[in-house]
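Student: build me a model:
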Amino acid sequence: MGKRRKNPSPSLQQQRPPDEFSDEESSAKQVIRVDTVSQPNGGGMSRAAKKRARKRAKVTKVHGANDDNDDGEAVQHQGAIKKMELPLETSEEEDELKGSEKVKKSKKNTKGNDDKKRAKKASSPVAGRAKDTPNENQEGFNAIDEMEPELEELLSTLTPLQVLLLDEKNQGDDKPPAELIDQDLMSDGDYVMNPLDIIGDLTTQHRARVLLSSIIHPSAVTVSEFYDEYWGKRPLIAAFDESSDENQNEDSASSQQKQRYREHVSRLDGFLNRTLIHDMICKNKLRYGLDLNVTRYTDSMGNGMRHRITLDPPPKKLNKGKKNNKASSEGAEDDQDVEYVVANPSDVWSNVDASHCTVRLLRPHEHSENIHAMLSLLESEFGCMVGSNAYLTPLNSQGFAPHYDDVDVFILQLEGFKRWRVYPPINKKETLPRASSRDYTEKEVEEMGEEEVDMVLGPGDVLYLPRGWIHQAETVTRPGHLPKVTGVKDDHSLHLTVSAMQNWSWADFLEMLIPEALEGAAASDKSTSLREGLPVNFLSYMGTMHSLQEEDESDLPEGLRQAVESHKENGTGHSKSEEEGDSDAGSSGQDEEAEILAKQARIRALQNGFKEEAKKRIMRVCKQAMSMLDDACDQIGIRFLSDRLPPALLKPEAGLTKEAHASSSTLAHHHDASKKIWPNTLCRLVRPNIARLVIEDSKAVLYHCLDNSLVYHKTPLSPMEFEVDDAPALEQLLTTVEPNWIMVKDLLHGDIEDKMEIAQALYDEGILATKLLEIPDRSIQTG
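Tutor: Below is the predicted model:
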């Protein structure tokens, strides 16, 4: 069981990446009490597999012996309510349980402050617009356990790198700057909560939410408000707040503002800078057109109209019979017969410094662990592929023409200052577009009217733009109203774009569902209606040319509309003069008119009958589609697994995997225990939603993204095959995520050896996190 398929996963619809996107024993063992309460499992597999799982798993709440609260980790069991003693074998495990106490204490300290309002609210760039109905994305947001608002606000004061546990210089005892923390909000007497004491104890899903909250923190908008009022709807500005306390004197206010600004401009440090980009170009042999672009928005024609020019050297054609294996391995089918030119660092920087060109670095996360970690965690938050690009532009320059993108984008200003001008979608058709726009001319932009957003982003600022919002940006000097801070230069601008939601709309989902539903309905063994022949000679009364008598003619072409009007005026098709001039033929004319009207009635009846028959078959396809929603979700879920980045596991996650156990000398007292799965091993998926279980060809097939490459689609998915009878146990393992655990012996399967082998296969694959009890249960041996 758990066999690797010989062939890679079936080819999925190709799409381009986003554009712009354990330890030594403790001398004193603590005993914890385990109470079992019922809780249903989540989804993640087909209905066929779920039917085999007749029993519902139980969830065991784990908490300290003297603690009556339910916070903490959970272990799933099948049995009735029971108690058992679970000794903690390491001080690390004891610290892990104490972590929940810190979170509870922070909640206690923040309780009762619900009436406290934020000092600042984000200014809406769409002033006066009525608040939209709740976003359906908010429903998904609410599906996850929400954090206490005060706790989210406290943790959002951390920098993104601190949330990712990657800011080593600030992971010690130092607290975040006092200016970033509301002392009244998170204080209890003389004690002020340190968010660094709490951040390490969050689950991945909550950490992902805090990361998003940290990115947009200067806007004073919560994640819930962001999804409800901004996501996919309008821009959000998260910039430095220049307001000061009215009660302070001018000197004190100026000093404090400068200190706050110093902290603000450094909050996005650690992701990218000009020096790192220089090193990337030198060390990684980046190629023009694939890894970077050199562009400029200029009047190269001398006609007073600026347009974008790209200075990338064209790819070289290879000799016949040769292949560019490197390009081919990256999934670029059209690149097999060309060789892309490797960028010479001196040429790149000469274009930047002397010719005022912009360097666009494509997919910098391939070369930066910090950016990779941020994107990986945001994929957990958004549930879709997330990408990135970086843009370095010299002073008084612009690299790209006005345009809109097919992705939602977060613009993180890292260095320098850039003026952004943003315009709303031109019309409803270009709202939330599925493809990026062409470059707009300056004249077209002038006709768009006043900008919705016109502001300068500085270091630490963030701008969110939904897809379809037209934008352009140019590098400027530091605005005079901002404090002058040592180390903050304005000779160039560098911003990082984090993009999401590409090809992730209802239309994309239905494009996948409807063809499959049509095929399924047509192959039905219960009805032949979709396989029946079309009505005889139906083209003689159906089609645009036969719809002239329809009531609604507004959509007809002008020529056809004139024909309809003429036909109505003449009635029978004869001219009025002929009818008036032949009074003796009046009777026959009336008979002819009656015959024509009768013919039109027959045609109309045939048309209505055809439409009714078509409607019945369309409804049959829709009914089939509704029955296949889970299958379509599985398919688009597999596509997401193929598209997304490999998960950048954080230290708390990676420390529970096979790789960490194998390299840990502190588990020597367990001998081979850490490398094997035992009946009493606690298990869970190492990170939520990195794996998916589907039923294919009477097999339970497990897909995961752990082996994905940082290069888009370089490594195809390599699914694991199991017997269908293994599906219920697999579902339990894949849907058990932190803070819960499930014990191997409690998996839904009739055979303990099979339970162990299933868990061992996932553990060996690296997607399962495990924790051992003090003494492994060696009563059952496998392998």
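Student: and Asn293, its phi and psi?
Tutor: phi -130, psi 150 (degrees, to the nearest 10).
Student: just give the nearest non-adjacent residue to it, would you?
Tutor: Nearest-residue entry for Asn293: Arg360, 4.4 Å, with adjacent residues in sequence omitted and distances by Cβ to Cβ, 6 or more residues apart in numbering. No exception for glycine: its C-beta is placed from N, CA and C like everyone else's.
Student: what comes into contact with the stretch of helix or strand that neighbour belongs to?
Tutor: If you go by DSSP states H and E, Arg360 is part of strand 358-362. With contacts defined as Cβ atoms under 8 Å, 6 or more residues apart in numbering, strand 358-362 is touched by 277, 280, 286, 290-296, 348, 351-352, 389-394, 397-400.
Student: so which of these are in helices?
Tutor: 277, 280, 348, 351-352 (DSSP state H).
Student: among those, which one has the most neighbours?
Tutor: Within the ones in helices among the contacts of strand 358-362, most neighbours by other Cβ atoms under 10 Å means Ile277, with 24 neighbours.
Student: how near is that one to Leu414?
Tutor: Distance, Ile277 to Leu414, by Cβ to Cβ, to the nearest Å: 10 Å.
Student: quick check: neighbours shared by those two?
Tutor: Leu494.
Student: doesn't Leu518 make contact with Val621?
Tutor: Yes. Counting by Cβ atoms under 8 Å, Leu518 is a contact partner of Val621 at 5.3 Å.
Student: now do the shared contacts for those two.
Tutor: With contacts taken as Cβ under 8 Å, 6+ apart, Val621 and Leu518 have Leu530 as neighbours in common.
Student: before we move on, the earlier item: closest one to Ser380 out of the ones in helices among the contacts of strand 358-362, please.
Tutor: Proximity of these to Ser380 was ranked by Cβ to Cβ; the top entry is Met280 with 25.9 Å.
Student: tell me the backbone dihedrals of the closest residue to that closest one other than its chain neighbours, please.
Tutor: Leaving aside its chain neighbours, Met280 sits nearest to His367 (4.8 Å; criterion: Cβ to Cβ, 6+ apart). Per-residue torsions, His367: phi -120, psi 0 (degrees, to the nearest 10).
Student: from what I can see His367 touches Ile281, true?
Tutor: No. At 9.7 Å, His367 does not count as touching Ile281 under the criterion of Cβ under 8 Å.
Student: and the closest residue to Pro218 other than its chain neighbours, how many residues sit next to it?
Tutor: Once flanking residues are discounted, Pro218 sits nearest to Ala238: 4.3 Å by Cβ to Cβ, 6+ apart. By other Cβ under 10 Å, 24 other residues sit near Ala238.
Student: quick one, strands of the stretch 401-550 of the chain?
Tutor: 408-415, 417-423, 453-457, 462-465, 470-476, 492-500 (DSSP state E, counting those that start in this stretch).
Student: element containing Glu381?
Tutor: helix 369-382.
Student: average pLDDT across that helix?
Tutor: Across helix 369-382, the average pLDDT comes to 98.
Student: same check on stretch 192-204?
Tutor: Rounded mean pLDDT across stretch 192-204 is 90.
Student: before we move on, what about stretch 508-516?
Tutor: 97.
Student: which residues sit against it?
Tutor: So stretch 508-516 is in contact with 13, 434, 621, 625, 628-629, 631-632, 635-636, 639, going by Cβ under 8 Å, 6+ apart.
Student: burial check on Glu593, number of neighbours?
Tutor: 15.
Student: while we're on it, how confident is the model there?
Tutor: Here the pLDDT value assigned to Glu593 is 84.
Student: do you know how far it is from Lys599?
Tutor: Taken as Cβ to Cβ, the span from Glu593 to Lys599 is 11 Å.
Student: I'd like to know which elements the longest helix along the chain is packed against.
Tutor: In the chain, assigned by DSSP H, the helix with the most residues is helix 586-627. Helix 586-627 sits against helix 506-522, with contacts defined as 3 or more Cβ pairs under 8 Å, 6 or more residues apart in numbering; DSSP states H and E.
Student: just the buried residues of the helix it packs on, please?
Tutor: Neighbour counts over helix 506-522 (16 or more other Cβ atoms under 10 Å) mark 508-509, 512-514, 517-518, 520-522 as buried.
Student: farthest-separated two in those residues?
Tutor: Farthest pair in the buried residues of helix 506-522, by Cβ to Cβ: Asp508 and Ala522, 22.8 Å.
Student: helices and strands of this protein: which one bottoms out on pLDDT?
Tutor: Sorted by mean pLDDT, DSSP states H and E, the helices and strands of the chain end with strand 31-38, the least confident at a mean of 30.
Student: whichever helix or strand Ser214 is part of to strand 408-415, inter-axis angle?
Tutor: Element membership for Ser214, per DSSP H and E: helix 204-215. Going by axes from the mean of the first three to the mean of the last three Cα atoms, to 10 degrees, helix 204-215 is angled at 60 degrees with respect to strand 408-415.
Student: residues in contact with helix 204-215?
Tutor: Here helix 204-215 makes contact (Cβ under 8 Å, 6+ apart) with 144-145, 147, 152-153, 155-160, 162-164, 199, 202, 222-223, 226, 238, 374, 377-378, 380-381, 410, 412, 462, 650, 653, 687-688, 737-738.
Student: before we move on, the earlier item: the residue nearest to Asn293: neighbour count?
Tutor: Using other Cβ under 10 Å: Arg360 sits among 22 other residues.
Student: could you measure from it over to Gln600?
Tutor: Separation of Arg360 from Gln600 (Cβ to Cβ) stands at 62 Å.
Student: now Ile767
Tutor: 67 Å.
Student: more neighbours, these two?
Tutor: Ile767 (24 against 12).
Student: what ranges do the strands span in the stretch 651-783 of the chain?
Tutor: Along the stretch 651-783 of the chain, counting by DSSP E, counting those that start in this stretch, strands occupy 682-685, 691-696, 699-704, 720-723, 740-743, 768-771.
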